[in-house]
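Undergrad: Coordinates only, no sequence provided:
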């Protein structure tokens, strides 16, 4: 749904607070994966290969939070995606700070100062029914550095008291990732349905 400034707006989903709305403020050029991930995350994802990477950055309604969402289209078959998903699950890779995805900081937007030091919360999801890795990383729009980033799953817990949790940045990362993943699944299902 377009907003007044031409960006797409996204409504919150089950993972996010129900009153959340985000507006897309920047779309990265279609690219490879070389600069999108920290080196260890790039190494962890390498077995799946990188066919294409799509990234966009969103801001919340208050323009105080920014979140980059990415879709990594891999070269892997379903068995390889299953193995990668199991590895991420078994080894807790999606929760490691040294395996965070990088934000897309777009000049001339509220995300201009959204760099590696500003990452506050993130999520990485390896799909097993499609050759895709969905991720999101969130932070504050004012460019402040975050010393204790926290995985979205932990930041969304009711008793979480870290700055990313209290600010709702885990909800931003997980909510947007879920919404984009659902949109992807709907598109894939529509494309693969056979006419009756």
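TA: That came through, no problem. Model, not experiment: these values are computed from the prediction.

Undergrad: Could you pull out the helices in the protein for me?
TA: Taking DSSP state H, the helices of the chain run over residues 39-45, 78-91, 152-155, 163-167, 169-192.

Undergrad: Can you tell me which of those helices is most buried?
TA: Compared across the helices of the chain, helix 152-155 shows the largest average neighbour count, a mean of 22 (mean count of other Cβ atoms under 10 Å). Just so you know, the C-beta spots here come from the backbone N, C-alpha and C atoms, and that holds for glycine as well.

Undergrad: Show me the contact partners of it.
TA: Helix 152-155 is contacted from outside by 95, 121-123, 136, 138, 160, 162, 164-165, 169-171, 173-174, 177, using Cβ atoms under 8 Å, 6 or more residues apart in numbering.

Undergrad: ok, the residues you listed vs residue 28, which is closest?
TA: Residue 28 has its nearest neighbour among these in residue 136, at 13.6 Å by Cβ to Cβ.

Undergrad: Just grab the bridge partners of the closest one for me.
TA: Beta bridges link residue 136 to residue 69, residue 123 when assigned by DSSP bridges.

Undergrad: Could you report the neighbour count for it?
TA: Counted by other Cβ atoms under 10 Å, the residues lying close to residue 136 total 27.
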